[in-house]
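Participant: here is the input, now give the coordinates:
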Amino acid sequence: MAELSAVPQMRREALQGHAAMLLFSAAIAGSFSLGARAANLIDPAAISAARFAIAAGVVGGVAMAGPGIPRETFRAPWRYLVLGGLFAAYFVLMFEGLKTALPVSAAAVFTLTPLMSAGFGWLLMRQRMTGRIALALALGAAGSLWVIFGGDAAALMRLEFGRGEAIYLVGCAAHALYTPMVRRLNRGETPIVSTFATLCAGGLILLVWGSRAILDTDWAHLPAIVWVTLLYVAIFASALTTALVQFATMRLPSSKVMVYTYLTPVWVIGLEAALTRGLPPLAVLPGVLATVAALLLLLKD
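Facilitator: Residues are numbered from 1 along each chain as shown. Alright, predicted model coming up:
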């Protein structure tokens with residue numbers, strides 16, 4: 001009877017995890033459009049350090065206003081240096097890649113994260129995939145590559161990968177590794193507390209590593225778009241998304257946590273259409289549809 005009563009609870013938690021990642025996909029999309037417009041106006045390490053500091057302040061304030069931050073949170077602090085380092089690497093490489101990569105193309109690179117996350121999930125947690133999940137991840141990866149190469153089959157065959165996309169792909173690998181590491185290193189901390197510690201650790205790493213870039217930045221005379229981007233990515237694409245990923249990771253397998261990244265190009269295409277009144281070429285549409293099909297396959301129980 002106890003096992004039967006646990007089933008509805010497990011389903012509720014799974015639905016909560018799915019809802020968190022749906023919000024994640026929408027929140028993360030804005031960082032591509034805004035990031036592409038600010039990437040060449042400020043050093044990636046400087047804006048990433050600032051975003052971690054703001055995000056840590058926001059999450060820390062929420063945590064203190066709620067359950068507080070237990071002293072036990074900071075046992076084995078090396079765990080947060082690992083998580084913070086991975087997350088910091090992702091954001092720095094994202095801004096570096098967006099200096100040359102188009103927003104939709106970068107969003108397509110991001111959709112390769114579930115495939116990498118599933119691989120890391122197997123290595124670290126022995127989370128196995130069914131044939132359907134493997135097929136869906138392969139379909140999503142194929143669709144992503146089609147978008148990245150602009151629907152040009154010849155360029156795809158020649159693997160003409162842009163420099164910005166290649167840089168961002170390394171950052172996405174760090175993000176994919178971060179997902180199973182959250183569960184592997186968690187010792188009972190709540191998502192909000194773990195997020196705060198992760199952001200503090202990531203901010204400390206960036207403060208040391210990017211100190212020269214931070215000091216050389218003329219913060220008083222940055223263009224308005226940089227401040228808009230900074231506040232957006234700090235609150236929505238750092239604090240909120242970090243908490244959402246950690247919340248969902250405790251309720252879903254790693255491969256399903258990151259499956260909602262397949263919606264990111266759709267959100268970005270809509271946002272870019274609103275900002276520029278332009279749409280990507282129709283040649284990329286099959287790739288977008290393939291990633292959406294992969295999402296539906298992965299969400300099927």
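
Participant: can we go C-alpha only for contacts and neighbour counts from here?
Facilitator: Fine.

Participant: mind listing the helices for the stretch 201-301 of the chain?
Facilitator: For the stretch 201-301 of the chain, the helices defined by DSSP state H, counting those that start in this stretch cover 211-216, 224-234, 241-249, 254-257, 264-276, 285-299.

Participant: which of those helices comes out lowest on mean pLDDT?
Facilitator: For the helices of the stretch 201-301 of the chain, mean pLDDT drops lowest on helix 254-257, to a mean of 67.

Participant: redo the helices of the stretch 201-301 of the chain as JSON lines? Include mean neighbour count and distance to Phe52.
Facilitator: Listed next are the helices of the stretch 201-301 of the chain as JSON lines, based on neighbours: other CA atoms under 10 Å; distance: least, CA to CA, whole Å:
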{"stretch": "helix 211-216", "mean neighbour count": "14", "distance to Phe52": "13"}
{"stretch": "helix 224-234", "mean neighbour count": "19", "distance to Phe52": "6"}
{"stretch": "helix 241-249", "mean neighbour count": "24", "distance to Phe52": "11"}
{"stretch": "helix 254-257", "mean neighbour count": "27", "distance to Phe52": "22"}
{"stretch": "helix 264-276", "mean neighbour count": "19", "distance to Phe52": "22"}
{"stretch": "helix 285-299", "mean neighbour count": "21", "distance to Phe52": "30"}
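
Participant: tell me which of those helices approaches Ala53 most closely.
Facilitator: Within the helices of the stretch 201-301 of the chain, the stretch nearest Ala53 is helix 224-234; the backing value is 8.1 Å (CA to CA).

Participant: what's in contact with that closest one?
Facilitator: Helix 224-234 is contacted by residues 31, 34-35, 37-38, 41-42, 47, 50-52, 54-55 when judged by CA atoms under 8 Å, 6 or more residues apart in numbering.

Participant: change it to 6 Å
Facilitator: Contacts of helix 224-234 with the rest of the structure, by CA atoms under 6 Å, 6 or more residues apart in numbering, involve Ser31, Leu34, Ala38, Arg51, Ile54, Ala55.

Participant: please consider this matter closed, and thank you.
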